[in-house]
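Chemist: Structure for the following, please:
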Amino acid sequence: MVGSAFGALVTGGTVSPLTALLGFTGLVTSWFWEPPRVRFEKWALAWTIASLVVLAMSVTLAFASGDILGTGANFLVWLVVVKAHNRRAAKDWQQLYLLSFLMLVAGSVLNTDLTFGASFLVFVVAATWSLILFHLRREMEDNFLLKHADDHSERVEVRRILESRRIVDRRFFVGTGLVSIGVFVLSAIIFLAIPRVGVGFFWKSRNGLTLAGFSDGSRLGGHGRIKSDSTVVMRVKIDDPYEGREAPYVHWRGVSFDKYDHGAWSRSPQAPRTEEQPGQPRTGRVRYFLDYDRGERTSSEIEQDLGKAVHQDIWLEPLDSDVLFGASMPLAFELDAPLGGARPHPGEEKNDELRFEHGSAIHYEVWSRIDLPPPQWLRNAGTELPRGYELYTNHDGMTERTVEKALEITADAKTEFDKAVAIRDYLLDNYSYTLDLADPGDQDPIDFFLFDRKKGHCEYFASSFVMLARSAGIPARVVNGFLGGEWNEYDDYIAVRAGDAHSWAEVYFPGVGWVTFDPTPSAEIDELGRGGTGLIARIRRFFDTLRFHWTKWVVEYDLYSQLALFRTIGHAIKAAAHAIEDAGVASARWAGRRWYVTLALGLIAAALIARRVRRRPRSALAIARARHRAHGPIAAAYAAVLARLAKRGYPRDPAATPRELARSLRHRGAPGAAQLDELTELYYRAEWGGDAPAEAVARAAALRREIEAALRESR
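Modeler: Numbers count the residues shown, from 1 in each chain. Down below sits the predicted model:
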């Protein structure tokens, strides 16, 4: 039980690995820290001094770091280890049980991973076993020690009984384990049925994943460090035709940058703010429309476009950035209404980003325009830019030869769309992809990439495209996000990983909007791919599915999820009712056409029921007689003594056990009380221990005669 609670606390990653290792080692050594190997009294003072030192260190660290909860969890691990090394009496075990429960409670806050659910299930079963066995031990010790307070052999007898299989056998563990699992299932049902108030089951506060490229700035070279990282960042359920392992890859748009300065991208203060319009809210949800046309269209007009858009359900893990991701060009986001009625810091959103502070996984919906507009639309686009969009043509800092290269590439192109395509194709045809980067020194990284190195990863391709496009007068910006992801066939979702991080470009066409351009060679950017089809890959995806459902139905379970669950259950019940009704109608029609078969089956069923009814009284009587015969001669002698005692004014209380009755009569000074003690022990051993040799039967008969004689003499 203690081990499962310890696992629930430390497997979430909040408790330091050193504390987890030391705690695990301490619990293992405590298993062997018992007499006669160790004298508890000899080490008591050392444990006390060490605990005071650890307490002082914990208090100091808590005030210095401000992490009271994490420091308290570490101190709780220490207390459990100390108590496990000093378990002498029943009160020590009780304190150990209480500390393990506190570890479980702390784990519910600090560990939102699937491992908490597994540890909790083990804890429920193990706690049931522990508390039952603890109660049995206490009862046995009380009964034995009240009779023989100074007899150490009676303690040995208690231990011998508990370690035997007469009481604690396989059926005990299986039966109590099944009861515990039943309680666990019932608790889960109650949890799912309790009305939600807009927050999940746990207080959710997790440290976000730190990924290069997802902050308010980005420096060239970041993505190359995480391309092999398979950590899942978000899970996406998406409409056709983007489902499946062979589906087209999707760009998951996140942050966008407009200002370049010697290898670093950022969002300038002059960058256009994200224009949004709140939509019609649903129960506990708010919809935000992104207005790429800067107020030229109403929310109702944008709402009509959602019918043609691609819908996504996204579960995003906590990152260091609070940006929300969506496929390609998101049109609308829908998520839980923020506390207080407004999103925090909406003024910080620029370049058509949408941000939402979240300290844990967050679930939201997105509607996106993924398909690119027809090329003819882009060729016919206007030239007048919205106010403030001039900064997207700023190419300050570019070397003279970079500007000349841009003009050379686009010399034969007639429209801005053709110029953008020419720049993209030039990069695809003349440069190669690599994660092995070289230091440009004082040289501008884009200039170094274009004229010297001529190979790099996605950030170099995207940055070079944008600055070449701007040098040719085309408004463009860099976008950081993800590309692709692993298809999970168990629950039909895309698991986007940290290694799927990607950079690309967006070009603005007046009257059409922003359009995605990806100049990175597609055959070389996807190191992780869609996921393997081997056994290990499938097992890994299966466990990711379990983690996904844990997050979805436990950690992030809210009113919206509850309503969705109830709707699903309602539809299933309705479908089952229709199926039963259809089956009943079909059966009635079949029976009507074949009435003779129905009549024959009815007569056979009636005959079987009548036979069963006739045999039931005899079967019950036979069972009663068999039970009566099962009582042995020792039980018969004991029953006769009880009857004689009741006649003499010493009846047995129905709530009293045989040992309690014997103890009560001994205290009252009843005749034959000493002999009744011995007869009671013989009765226990015969009825529940299966120990009834011939000498025990003879002794029980003699004790019966002695008790009856004592009762006659007391008249």
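
Chemist: residues touching Arg88, list them.
Modeler: Taking Cβ atoms under 8 Å, 6 or more residues apart in numbering, we find Arg88 in contact with Phe40. All C-beta spots, glycine's among them, are computed from the backbone N, C-alpha and C.

Chemist: show me where the stretch 501-650 of the chain has strands.
Modeler: 501-509, 513-517 (DSSP state E, counting those that start in this stretch).

Chemist: Of all those strands, which one comes closest to Ala126?
Modeler: Nearest to Ala126 among these is strand 501-509 (41.9 Å), distances taken as Cβ to Cβ.

Chemist: Pull the number of nearby residues for Ala605.
Modeler: 10 (other Cβ atoms under 10 Å).

Chemist: Which strands or helices does the helix or strand hosting Gln94 pack on?
Modeler: Assessed by DSSP states H and E, Gln94 sits inside helix 90-110. Judged by 3 or more Cβ pairs under 8 Å, 6 or more residues apart in numbering; DSSP states H and E, helix 90-110 is in contact with helix 2-10, helix 68-84, helix 114-147.

Chemist: what is the mean pLDDT for that helix?
Modeler: Per-residue pLDDT over helix 90-110 has a mean of 87.

Chemist: List the buried residues of it.
Modeler: By 16 or more other Cβ atoms under 10 Å, the buried positions in helix 90-110 come out as 93, 95-97, 99-100, 102-104, 106-110.

Chemist: would you turn these into CSV with distance to Arg593?
Modeler: Formatted as CSV, the buried residues of helix 90-110 follow (distance: Cβ to Cβ, whole Å):
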residue, distance to Arg593
Trp93, 70
Gln95, 74
Leu96, 71
Tyr97, 66
Leu99, 71
Ser100, 66
Leu102, 69
Met103, 67
Leu104, 62
Ala106, 67
Gly107, 63
Ser108, 61
Val109, 65
Leu110, 66
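
Chemist: thinking again about what came up before, deepest in the core, which of the helices and strands packed on helix 90-110 is it.
Modeler: helix 2-10 (a mean of 24; mean count of other Cβ atoms under 10 Å).

Chemist: got the angle for it vs helix 114-147?
Modeler: Helix 2-10 and helix 114-147 meet at an angle of 150 degrees, taking axes from the mean of the first three to the mean of the last three Cα atoms, to 10 degrees as the criterion.

Chemist: What's the first helix or strand after helix 2-10?
Modeler: helix 17-30.

Chemist: Mind checking the helices and strands packed on helix 90-110 for the one nearest to Ser503?
Modeler: Counting by Cβ to Cβ, Ser503 lies closest to helix 114-147 out of those; the figure is 32.0 Å.

Chemist: counting contacts, what elements does that closest one pack onto?
Modeler: On the basis of 3+ Cβ pairs under 8 Å, 6+ apart, helix 114-147 makes packing contacts with helix 2-10, helix 90-110, helix 152-163, helix 170-193, helix 535-550, helix 658-668.

Chemist: Run the chain-centre distance for the shortest one.
Modeler: I take that to be helix 2-10. Distance of helix 2-10 from its chain centroid, counting by Cα atoms, centre = their mean, to the nearest Å, is 15 Å.

Chemist: Remind me what it packs against, helices and strands.
Modeler: By 3+ Cβ pairs under 8 Å, 6+ apart, helix 2-10 packs against helix 17-30, helix 68-84, helix 90-110, helix 114-147.

Chemist: cutoff 6 Å now
Modeler: helix 90-110, helix 114-147 (3 or more Cβ pairs under 6 Å, 6 or more residues apart in numbering; DSSP states H and E).

Chemist: Quick one: closest of those to Val77.
Modeler: Closest approach to Val77 among the helices and strands packed on helix 2-10 (Cβ to Cβ): helix 90-110, 7.5 Å.

Chemist: Put the alpha carbons of that closest one into PDB.
Modeler: The C-alpha trace of helix 90-110 is given here as PDB (Å, rounded to 0.1, in the frame of the first residue of the first chain):
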ATOM      1  CA  ALA A  90       0.000  -0.900  16.000                       C
ATOM      2  CA  LYS A  91       0.100   2.900  16.300                       C
ATOM      3  CA  ASP A  92       3.200   3.000  14.000                       C
ATOM      4  CA  TRP A  93       1.300   1.000  11.300                       C
ATOM      5  CA  GLN A  94      -1.700   3.400  11.700                       C
ATOM      6  CA  GLN A  95       0.600   6.400  11.200                       C
ATOM      7  CA  LEU A  96       2.200   4.800   8.200                       C
ATOM      8  CA  TYR A  97      -1.200   4.200   6.700                       C
ATOM      9  CA  LEU A  98      -2.100   7.800   7.200                       C
ATOM     10  CA  LEU A  99       1.100   9.100   5.700                       C
ATOM     11  CA  SER A 100       0.600   6.900   2.600                       C
ATOM     12  CA  PHE A 101      -2.900   8.400   2.200                       C
ATOM     13  CA  LEU A 102      -1.400  11.900   2.400                       C
ATOM     14  CA  MET A 103       1.200  10.900  -0.300                       C
ATOM     15  CA  LEU A 104      -1.700   9.700  -2.500                       C
ATOM     16  CA  VAL A 105      -3.500  13.100  -2.000                       C
ATOM     17  CA  ALA A 106      -0.300  15.000  -2.800                       C
ATOM     18  CA  GLY A 107       0.100  12.800  -5.900                       C
ATOM     19  CA  SER A 108      -3.300  13.800  -7.100                       C
ATOM     20  CA  VAL A 109      -2.100  17.400  -7.300                       C
ATOM     21  CA  LEU A 110       1.500  16.900  -8.400                       C
END
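
Chemist: residue ranges with poor pLDDT in the stretch 401-550 of the chain?
Modeler: Applying pLDDT under 70 to the stretch 401-550 of the chain flags the ranges 523-528.

Chemist: typed the wrong thing, it's the stretch 251-400 of the chain
Modeler: Of all residues in the stretch 251-400 of the chain, those with pLDDT under 70 make up the ranges 277-284, 293-299, 337-347.

Chemist: go with 90
Modeler: Along the stretch 251-400 of the chain, segments meeting pLDDT under 90 span 262-264, 267, 269-308, 317-323, 331-332, 334-363, 371-372, 382-384, 386-388, 397.

Chemist: need the helices for it, in chain order.
Modeler: Along the stretch 251-400 of the chain, counting by DSSP state H, counting those that start in this stretch, helices occupy 299-305, 375-379, 400-409.

Chemist: Please work out which of those helices is packed deepest.
Modeler: helix 400-409 comes out most buried of the helices of the stretch 251-400 of the chain by mean count of other Cβ under 10 Å, with a mean of 16.

Chemist: which other helices and strands contact the helix or strand that that helix is followed by?
Modeler: Sequence order places helix 416-430 as the next helix or strand after helix 400-409, per DSSP H and E. Judged by 3+ Cβ pairs under 6 Å, 6+ apart, the packing partners of helix 416-430 are helix 400-409, helix 458-471.
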